[in-house]
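here's a sequence, model it:
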Amino acid sequence: MNVSPSKSSLASGAARYQSLLSPYRLGELSLSNRMVLAPMTRSRALEGNVPNPLAATYYAQRAGAGLIVTEASQISPQGVGYIRTPGIHSKEQVAGWKKVTDAVHRAGGKIFLQLWHVGRISHPDFHGGELPVAPSAVAAEGTVFTPKGPQKMVTPRALAASELPGIVEQFKRGAENAQEAGFDGVEIHGANGYLLDQFTRDGTNKRTDAYGGSVKNRARFPLEVAEAVIGVWGPGRVGYRIAPNSPFNSMADSNPVEIFSYLAAELDARGAVYLHVVDPAADGAKRISPILQEIFEGTYIVNGGFDAEAADTAIHHAETDLAAFGKPFLANPDLPERYRIKAALNAADQATFYAGEEKGYTDYPALA
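Got it, this is the predicted structure:
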């Protein structure tokens with residue numbers, strides 16, 4: 001198991017002097033630096049939710065990251081909740097992703113696929129009129145963009161316990177398909193109010209069976225998924241992402257420190273190679289990240305709204321092992337080099353974040 005600098009520094013002061021651009025050993029992989037391209041939905045997939053050929057260019061342009069984590073990719077048709085998002089459950093999707101991994105590897109990069117099921121953050125328009133599914137029949141606020149345009153989110157159908165092994169199998173098959181597509185590993189999406197997060201937090205999980213109520217029960221389904229995926233890839237190739245404080249997609253929990261501390265410890269015990277925590281220090285909210293880092297012994301990744309200086313400081317002080325970047329990497333394909341020479345950054349164009357083609361996707365300029 002990879003020991004984070006916060007623990008290893010007790011034995012060696014050398015760990016304190018690591019920097020954002022220093023190399024790192026992630027399980028079986030050697031990373032060229034400690035910068036992670038965070039998973040970002042770009043909504044540019046083609047019919048059948050097949051990755052756009054442009055995605056090969058997009059990700060290869062950013063292969064200077066120590067690790068790339070792809071945009072979320074649904075494990076089954078039931079997991080779809082957004083237009084033009086790629087999947088990993090059909091032969092055509094696997095073939096599309098193979099072009100991406102080949103391009104990234106030719107450029108010298110390492111790339112993980114993010115496995116995704118949106119749960120209630122969907123609409124019957126995606127499912128032939130059938131309701132989206134969730135741990136409990138609790139609706140989220142807001143709208144979802146469907147092929148028919150924006151639609152108000154509906155109250156989902158609560159999953160029967162007998163259905164859960166089938167969804168675990170979908171995650172397992174997605175992990176197997178990711179191997180076939182040539183990825184270096186996978187990240188399980190347990191954040192941002194999607195299905196696994198819905199089971200984890202008591203604001204959305206109102207179940208009274210073995211998958212609801214207690215901390216142990218609410219973590220049961222996410223951990224079954226993690227076990228299945230790690231069973232495919234083995235220890236050292238599977239990460240897990242959480243966002244303990246995020247209210248995105250109408251999420252809340254009465255005691256996030258308790259549930260996510262338990263989840264972190266159990267993921268660590270099962271051999272997850274990293275825990276990827278979205279935990280920005282904003283609005284004076286108390287950050288959970290330092291608590292979880294003391295629990296999770298493997299590689300620790302924080303996505304915290306970093307710039308170069310803040311990320312370097314966090315790594316220098318062993319507050320994280322790796323730092324994940326979203327918008328800065330979106331607009332600057334050569335972000336590590338720009339940080340290295342302290343070059344100016346391109347500004348991100350929010351109007352082109354989602355859908356579209358090359359504009360705002362593969363046309364951001366690199367340094368001359």
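
now the helix or strand encompassing residue 290: buried residues?
Following DSSP states H and E, one finds residue 290 within helix 289-295. Neighbour counts using 16 or more other Cβ atoms under 10 Å place 289, 291-293, 295 of helix 289-295 among the buried residues. C-beta: built from backbone N, CA, C; applies to glycine.

ok, now stretch 105-118?
Buried residues in stretch 105-118, counted by 16+ other Cβ under 10 Å: 105, 109-118.

what's the burial count for the residue nearest to residue 164 when sequence neighbours are not counted?
Excluding its sequence neighbours, the residue lying closest to residue 164 (Cβ to Cβ, 6 or more residues apart in numbering) is residue 221, at 5.9 Å. Look at residue 221: counted by other Cβ atoms under 10 Å, it has 25 neighbours.

contacts only, for residue 221.
Residues counted as contacts of residue 221 (Cβ atoms under 8 Å, 6 or more residues apart in numbering) are 135, 164, 168, 196, 199, 211.

turn the residues you listed into CSV, columns for secondary structure and neighbour count.
Shown next, in CSV, are those (DSSP: H, G, I helix; E, B strand; the rest coil; neighbours: other Cβ atoms under 10 Å):
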residue, secondary structure, neighbour count
135, coil, 26
164, helix, 18
168, helix, 17
196, helix, 29
199, helix, 28
211, coil, 20
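
and these, which is closest to residue 47?
Using Cβ to Cβ, residue 196 comes nearest to residue 47 of these, at 27.6 Å.

which pLDDT does the model give that closest one?
On pLDDT, residue 196 comes in at 99.

ok, now residue 282?
You'll see residue 282 listed with a pLDDT of 54.

the one helix or strand residue 315 maps to packs against which elements?
If you go by DSSP H and E, residue 315 is part of helix 308-316. Helices and strands touching helix 308-316, by 3 or more Cβ pairs under 8 Å, 6 or more residues apart in numbering; DSSP states H and E, are strand 322-325.

by contact count, what packs against the strand it packs on?
strand 35-37, strand 299-303, helix 308-316.

list the neighbouring strands of it plus their orientation.
Sheet pairing for strand 322-325, assigned by DSSP bridges, gives strand 35-37 (parallel), strand 299-303 (parallel).

give me the contacts around that strand.
The contact list for strand 322-325 (Cβ under 8 Å, 6+ apart) reads 20, 24, 26, 31, 34-38, 66-67, 69, 274, 276, 299-304, 306, 311, 314-315, 335.

the same query, at a cut-off of 7 Å, please.
Under the contact criterion Cβ atoms under 7 Å, 6 or more residues apart in numbering, strand 322-325 has outside partners 20, 24, 34-38, 66-67, 276, 299, 301-303, 306, 311, 314-315, 335.

that strand: what's the following helix or strand?
Going down the chain from strand 322-325, the next helix or strand is helix 327-331, by DSSP H and E.

quick one, grab the pLDDT at the closest residue in space to residue 79 that isn't next to it in sequence.
Leaving out its chain neighbours, the residue that sits closest to residue 79 by Cβ to Cβ, 6+ apart is residue 117, at 3.7 Å. At residue 117, the model reports a pLDDT of 98.

residue 117 and residue 197, how far apart?
Residue 117 sits 10 Å away from residue 197, going by Cβ to Cβ, to the nearest Å.

please apply the same query to residue 278.
For residue 278, the distance to residue 197 - Cβ to Cβ - is 11 Å.

okay, those two: which has more neighbours?
Ranked by neighbour count (other Cβ under 10 Å), residue 278 and residue 197 place residue 197 first, with 27 against 22.

surely the more buried one meets residue 188?
No. Using Cβ atoms under 7 Å, residue 197 is not in contact with residue 188, being 10.8 Å away.

which neighbours do these two share?
Counting by Cβ under 7 Å, 6+ apart, no residue touches both residue 197 and residue 188.

burial of residue 337, as a residue count?
When neighbours are counted by other Cβ under 10 Å, residue 337 registers 14.

and it, that's in a helix?
Yes. Counting by DSSP: H, G, I helix; E, B strand; the rest coil, residue 337 is located in a helix.

need the helices for this protein, in chain order.
5-8, 54-61, 91-106, 164-180, 195-200, 215-233, 256-269, 289-295, 308-316, 327-331, 335-341 (DSSP state H).
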